[in-house]
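Engineer: starting from these lines, generate the structure:
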Amino acid sequence: MTAKPFNRPIRILVAKVGLDGHDRGARIIATSLRDAGMEVIYTGLRQTAEMVVNTALQEDVDAIGISILSGAHMTVFPKILALIKEKKMDDVLVTGGGIIPEEDMAALKQLGVGELFPPGTNTHDIVKYITAWVHEHRNF
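Structural biologist: Next comes the predicted model:
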């Protein structure tokens, strides 16, 4: 399925969930996405999964990007996926990055999480991935 031509910028929510207080990477990603023409909503530190999904719903985002360094990725991502399903937001991309072992990345992808990006990933690759996904899966 091909999405219609864009009538507005891609909207992405960038979030830090839990007690992880390191947001430098999230801010770099948010700036890179904004520089690429996306509309970025950055929630700041210490968000709950419920807060992230509720904000995503209110802001009508195309994608949610979770930055996680705390090791809680196997709890955070499944919780966000469950809340998205509960709120019938199945056409919203859930992606992210941070310190996530490769075997956990594979398990999360099987649950429905999109690409996950480790530290050092070229931001152009992240922009390209999100743009391609939204073009393919969203109509607006």
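
Engineer: switch to C-alpha atoms for all contacts and neighbour counts from now on
Structural biologist: Noted.

Engineer: who touches the lowest-mean-pLDDT helix or strand in the chain?
Structural biologist: Lowest on mean pLDDT, DSSP states H and E among the helices and strands of the chain sits helix 24-35, with a mean of 93. Under the contact criterion Cα atoms under 8 Å, 6 or more residues apart in numbering, helix 24-35 has outside partners 14, 15, 16, 39, 40, 42, 67, 119, 123, 124, 127.

Engineer: I figured the fifth one hits residue 15, correct?
Structural biologist: Meaning residue 40. No: applying Cα atoms under 8 Å, one finds residue 40 not in contact with residue 15, separated by 10.4 Å.

Engineer: neighbour-wise, which of these two wins?
Structural biologist: residue 15 (28 against 22; other Cα atoms under 10 Å).

Engineer: can you give me the pLDDT of that one?
Structural biologist: Looking at residue 15, its pLDDT reads 94.

Engineer: ok but it is inside a helix, no?
Structural biologist: No: applying DSSP: H, G, I helix; E, B strand; the rest coil, one finds residue 15 to be strand, outside a helix.

Engineer: these two touch, right, it and residue 69?
Structural biologist: No: with contact defined as Cα under 8 Å, residue 15 does not count as touching residue 69 (11.9 Å).

Engineer: mind showing which ranges of the chain have poor pLDDT?
Structural biologist: Residue ranges of the chain with pLDDT under 70: 1-6, 140.

Engineer: just the strands from it, written as ranges.
Structural biologist: Along the chain, counting by DSSP state E, strands occupy 11-16, 39-42, 63-68, 93-98, 116-117.

Engineer: would you turn those strands into a markdown table with distance to residue 28?
Structural biologist: Written out in a markdown table, the entries for the strands of the chain read as follows (distance: least, Cα to Cα, whole Å):
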| stretch | distance to residue 28 |
| --- | --- |
| strand 11-16 | 11 |
| strand 39-42 | 11 |
| strand 63-68 | 11 |
| strand 93-98 | 12 |
| strand 116-117 | 13 |
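
Engineer: many thanks, have a good one.
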